[in-house]
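Trainee: just a sequence and a predicted model for now, questions to come.
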Amino acid sequence: MTGLDGIVVAETRLSRIDGEAGQLIVKGKHLDELTTLSFEEVAELLWETRPNLGPARVEAYRRLPELPDQPLPALQAALATLNTNDPDLVAATVPVALAAWNRRGQKPLEPDPQAGHVEDFLRLFHGPAPSHQATKALTVYLATVAEHGLNASTFTARVVASTGAHASDVVLAALCALKGPLHGGAPGPVLDLLDSLSPDTVEVQLRERLKNRERLMGFGHRVYRTRDPRAEVLKQAVQSLGGSPRLALAARTEDVAHRLLAEHKPDRPLRTNVEFYTAILLEALGFPREAFTALFATGRVLGWLAHAQEQRATGRLLRPRAAYVGPEPSLHR
Ligand code: ACO
């Protein structure tokens, strides 16, 4: 019963995940079709209204507060005072605050309302205008992670939306669910893992980790029982950037990890998940690893807001029950 596996708590028109087949469908589109869309088109697909993110980025910039030193708290600080149901402003606040966080100590760059969302974000974050390939690769990443059913953060978003809270608070709450390592937090640790491995000793080192009951970051998934389809799309995005020096070691690590995990848990297929190649792609795009989870939020904010909209339309507060297994009151009172 614990873990809510297999429990249906909502109907959704947003996505279907087939964990056995390793397939993700978002609003009737396969991943390879979804990743041809611009960020704005993915938002329109999920929200069923055309976003106007350029002016929203400018407004988000205007409303930026003093930001804390860590990226997720920085996004949360920017959202905390918004008190808005405007999905454009909420979705725009995430990248604008993240870029401002990266330039802490300096004045953040001003958004260009005419630019594409992803192109403008890359410029706000890094400074120079991005290459077409970098914009395309990040667009693919953000589309790939935009929506993925009732994962921990999206479930959180729906619960908070069901209370009638503002869209900005829905996203603020969903961000909290990304703070642990088990959901959305693995790409940084994936790079730590790859840093610690050398090609000749991958097998010995991974065996040692499993013997110590450590989880191999970037492997396993609550729903997929095969390779996460998003992993392949992101691997191709790394290749489209001209590759990464890490790719060879990553491929070897995947092979060895699959073999060792199959020995370790023969009844539980544990395969590569989305976080593995996310780590390599985001690094190749020049992002610091501490920003990886916040980048995931830059894409997933579209799914959170779409689920919030769906949940609100039901008009129903989410309120499951817990089975009480605590002590009974004393009979002698
Ligand atoms: N390495 C080693 N063992 C693992 C791994 C792993 N990566 N994943 C699962 N296992 C083990 C578990 O310890 C568990 O063993 P136990 O029964 O002896 O305790 C067993 O396999 C069953 O695990 P599942 O039920 O399949 O795993 P669960 O659904 O609870 O967790 C999760 C899924 C959290 C993703 C897990 O596989 C994990 O911790 N992976 C590493 C972290 C990671 O990559 N997170 C990112 C996930 S993708 C995303 O969030 C977008």
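Mentor: It's in. What you see is a predicted model; the values in this text were computed from it and never measured.

Trainee: quick one: the strands in the chain?
Mentor: Taking DSSP state E as the test, the strands found in the chain are 15-18, 23-26, 29-30.

Trainee: can you tell me which of those is nearest to residue 96?
Mentor: strand 23-26 (24.8 Å; C-beta to C-beta). To be clear about C-beta, it is placed using only N, CA and C from the backbone, and glycine gets the same treatment.

Trainee: the closest one: partners in the sheet, and parallel or antiparallel?
Mentor: Sheet pairing of strand 23-26 (DSSP bridges) gives strand 15-18 (antiparallel), strand 29-30 (antiparallel).

Trainee: the ones you listed: which one's closest to residue 131?
Mentor: Of all the strands paired with strand 23-26, strand 29-30 comes closest under C-beta to C-beta, at 26.5 Å.

Trainee: let's test this: mean pLDDT of the closest one, rounded?
Mentor: The predicted model gives strand 29-30 an average pLDDT of 96.

Trainee: try stretch 196-216
Mentor: 94.

Trainee: residues contacting that stretch, please?
Mentor: Outside stretch 196-216, the residues that touch it by C-beta atoms under 8 Å, 6 or more residues apart in numbering are 193, 248, 249, 252, 253, 256, 257, 260, 261, 264, 270.

Trainee: for residue 112, see how far away residue 226 is.
Mentor: Residue 226 is 42 Å from residue 112, where distance means C-beta to C-beta, to the nearest Å.

Trainee: quick revisit: can you redo the strands paired with strand 23-26 as JSON lines with distance to the ligand?
Mentor: Shown next, in JSON lines, are the strands paired with strand 23-26 (distance: least, C-beta to the nearest ligand atom, whole Å):
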{"stretch": "strand 15-18", "distance to the ligand": "11"}
{"stretch": "strand 29-30", "distance to the ligand": "19"}
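
Trainee: got the ones you listed as CSV, with distance to residue 184 and mean neighbour count columns?
Mentor: Shown next, in CSV, are those (distance: least, C-beta to C-beta, whole Å; neighbours: other C-beta atoms under 10 Å):
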stretch, distance to residue 184, mean neighbour count
strand 15-18, 16, 18
strand 29-30, 22, 14
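
Trainee: identify whichever of those lies nearest to residue 149.
Mentor: Comparing those against residue 149 with C-beta to C-beta, the closest turns out to be strand 15-18 (5.1 Å).

Trainee: now do the same contact list for the nearest residue to residue 10 once chain neighbours are set aside.
Mentor: Nearest residue to residue 10, sequence neighbours excluded (C-beta to C-beta, 6 or more residues apart in numbering): residue 158, at 6.3 Å. Applying C-beta under 8 Å, 6+ apart, we find residue 158 in contact with 9, 10, 150, 307, 308, 310, 311, 318.

Trainee: just those: which are in helices?
Mentor: Counted as lying in helices by DSSP state H, out of the contacts of residue 158, are 307, 308, 310, 311.

Trainee: for the ligand, tell me which of these show up nearby.
Mentor: Filtering these for proximity to the ligand by C-beta under 6 Å from any ligand atom leaves nothing.

Trainee: give me the number of residues near the residue lying closest to residue 163 once chain neighbours are set aside?
Mentor: Among residues not flanking residue 163 along the chain, residue 317 sits closest, at 6.4 Å (C-beta to C-beta, 6+ apart). Counted by other C-beta atoms under 10 Å, the residues lying close to residue 317 total 10.
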